[in-house]
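Trainee: model this:
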Amino acid sequence: MRMTPTAPPGLARRVAAELVGTAALVTVIVGSGIQAERLSEDVGVALLANSLASALGLGVLIVLLGPLSGGHLNPAVTLSEWWARRGDADAPAGREVVAYCAGQLLGAVLGALLAEAMFGRTPGTWSPATQVRSDPHLLLGETVATAGLVLLVVGLRRIDRLALAPVAVAGYIAAAIWFTSSGSFANPAASAGRALSDSFTGIAPRSLPGFVGAQLLGTVLGVALATVLYGRSDRSDRSEPNGPRTRRTG
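Mentor: The predicted structure is shown next:
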């Protein structure tokens, strides 16, 4: 029996998936940080718990939402997909990129507010001065973290291994939280949401522009590195017109 190809979800459903997914991701990051801080006075143990929860949550969300929107959950991934695949038949359009990034940003804000409310804290409290993250070495760490993530996502597509994205991306984030000085936010939307959390995982609002700038720089460097290592995407090997949108997972 021949199966009829399933039409890809419309833009509204895909943006809704990105909004819900990013909200869930930030809820996991902030919520696990609050819980870890409550249960342990050891910063190392708290960071270990937070990194594991964040990585596992991210992997699950990519598996769940990849078939709908590609599971970007991150403007850096969306922008890298748009730029690295420009000219491809199924490349993201500018309207789609703007809609995705807007959904991700709104989702990140809602996720942070939800996490704070779940633990009986005042939602929307700005991160305190103790969470200032503006030192040059932290911005360097954030650039490296984002460049590595983008290189991974674009590289997996170039070698046709996107099926490994849930495990590979989750594993990278878990490692980068530890090996980068910034703690690997690597996500402009999540960074904005975390500015609304007065917790272990927060960031002072005045540090946000520098972090986002470092993440955007890392996005450019990641795409450039992928191009150097794997070359430009092969225009003759485009995804099938009716193929699933999981080909866009990042």
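Trainee: Tell me the helices and strands packed up against the longest helix along the chain.
Mentor: Ranked by residue count, the top helix of the chain under DSSP state H comes out as helix 11-39. If you count contacts as 3 or more CB pairs under 8 Å, 6 or more residues apart in numbering; DSSP states H and E, helix 11-39 packs onto helix 43-69, helix 94-118, helix 188-194. Just so you know, the C-beta spots here come from the backbone N, C-alpha and C atoms, and that holds for glycine as well.
Trainee: and that helix with helix 94-118, angle?
Mentor: Angle, helix 11-39 to helix 94-118, by axes from the mean of the first three to the mean of the last three CA atoms, to 10 degrees: 30 degrees.
Trainee: any idea of the mean pLDDT in helix 11-39?
Mentor: The average pLDDT within helix 11-39 is 96.
Trainee: next one: stretch 45-57
Mentor: 96.
Trainee: List the buried residues of that stretch.
Mentor: 46, 47, 48, 49, 50, 51, 53, 54, 55, 57 (16 or more other CB atoms under 10 Å).
Trainee: ok, those vs residue 66, which is closest?
Mentor: Closest approach to residue 66 among these (CB to CB): residue 57, at 14.3 Å.
Trainee: Contact partners for the residue nearest to that closest one when sequence neighbours are not counted?
Mentor: Distances taken as CB to CB, 6 or more residues apart in numbering put residue 28 closest to residue 57, at 3.5 Å, once the chain neighbours are dropped. Shown in contact with residue 28 (CB atoms under 8 Å, 6 or more residues apart in numbering): 53, 54, 57, 58.
Trainee: so who does the spatially closest residue to the second one that is not a sequence neighbour touch?
Mentor: Yep, that's residue 54 we're talking about. Spatially, and ignoring its direct neighbours in sequence, residue 54 is nearest to residue 29 (4.9 Å; CB to CB, 6+ apart). By CB under 8 Å, 6+ apart, the residues touching residue 29 are 50, 53, 54, 57, 111, 115, 190, 194, 201.
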